[in-house]
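[1] with the sequence up front, the predicted model follows.
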Amino acid sequence: MAGGELHFTKMHGLGNDFVVLDGINQRVDLSTAQIQHIADRHFGVGCDQLLLVEAYAGADAEFRYRIFNADGGEVEQCGNGARCFARFVYDQGLTRQTTIPVMTASGRIVLHIQTDGQVMVNMGVPVLAPAQIPFVAERQQTLYSVDVGGESLALAAVSMGNPHAVLQVTAVDSAPVASLGALLESHPAFPKRVNVGFMQVVARDRIRLRVFERGCGETLACGTGACAAVVAGRLQGLLDEQVSVSLPGGELRIQWQGAGQPVAMTGPAVTVFRGTLNL
Ligand SMILES: N[C@@H](CCC[C@H](N)C(=O)O)C(=O)O
């Protein structure tokens, strides 16, 4: 965008924060540098991801949902953002529906605004085939052994539309999220880089989770990370069908029946303020 005014809404889902832009009623064509500037917590608005609402021409979705990490890279999926997307299009009067199908770079997901104000998202069926994650492995396994800095680590690899590695830890508070997260994010076994989840199993229906996100570092919550952790935990026989995921920013409810079934994620979506940017 050469310059001019841009109306935005600042939102968050459990502290995973977003700048949301209506690309239907205003022209939005941002460069990578402009997205990085908007996401900057000192010189811009500040956010983990920038979310863009666009019109969708097909019959199978109402909107196109685009996601950009704070580093400016466009990515396939964002779970906390999906709940904020639903709240945004409804509150801005872009839809009158409370069940909203949207198209992302990784396919269609369906957002449901509940009467209690929470948003439930059908996040689709998790992908476990290594090539589709993408993850370099000869065959699909529940746990893979990956060499990182001379050490061999056991991790699960899952795509929720975007790639996730999930490591089980005994205590999430002391997990090396920043150092190991950064090393794994750009590990050659993940050709498109990866989000890295550190999961502590508290009970069969409760986990604690911290996520080092691709393209922005550790966040207060990661929706797709919560889904991926529950999928990984269920496949290892550690978790029940309904799991509360406790993240630094709050709690998500994840439900997954098992292989071939879609994952449902329920949680809040909050509007913080609206503003105008001069680019
Ligand atoms: N915060 C997100 C995920 C955002 C995208 C992720 N960093 C990626 O690069 O895939 C969520 O709530 O899912």
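    Now that the structure is in, tell me what you want to look at. Just so we're clear, the structure is a prediction, and the values are computed from it rather than from any experiment. Numbering: from 1, shown residues only.

[2] from now on I want contacts and neighbour counts done on CA atoms only, so please keep to that.
    Noted.

[3] spell out which residues of the stretch 1-150 of the chain are next to the ligand.
    Asn69, Val75, Gln77, Cys78, Gly79, Asn80, Gly81 (CA under 6 Å from any ligand atom).

[4] how deep is the second one tucked in, by neighbour count?
    With neighbours defined by other CA atoms under 10 Å, the count for Val75 comes to 20.

[5] now intersect the residues of the stretch 1-150 of the chain next to the ligand with the strands, please.
    Asn69, Val75 (DSSP state E).

[6] most widely separated two among the residues of the stretch 1-150 of the chain next to the ligand?
    Val75 and Asn80 (13.8 Å; CA to CA).

[7] shaky segments in the stretch 101-250 of the chain?
    Residue ranges of the stretch 101-250 of the chain with pLDDT under 70: none are present.

[8] now do the helices in it.
    Counting by DSSP state H, counting those that start in this stretch, one finds helices in the stretch 101-250 of the chain at the ranges 177-185, 223-235.

[9] can you list those in JSON lines and add distance to the ligand and mean neighbour count?
    Listed next are those as JSON lines, based on distance: least, CA to the nearest ligand atom, whole Å; neighbours: other CA atoms under 10 Å:
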{"stretch": "helix 177-185", "distance to the ligand": "10", "mean neighbour count": "18"}
{"stretch": "helix 223-235", "distance to the ligand": "4", "mean neighbour count": "28"}
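
[10] look up the closest residue to the residue most central in space within the chain, ignoring the ones flanking it.
    Nearest to the mean C-alpha position of the chain, by CA atoms, centre = their mean, lies Cys78 at 3.0 Å. In space, and not counting its chain neighbours, Cys78 is closest to Thr224: 6.2 Å by CA to CA, 6 or more residues apart in numbering.

[11] how about Gly223?
    Closest to Gly223 by CA to CA, 6+ apart is Gly79, at 4.2 Å.
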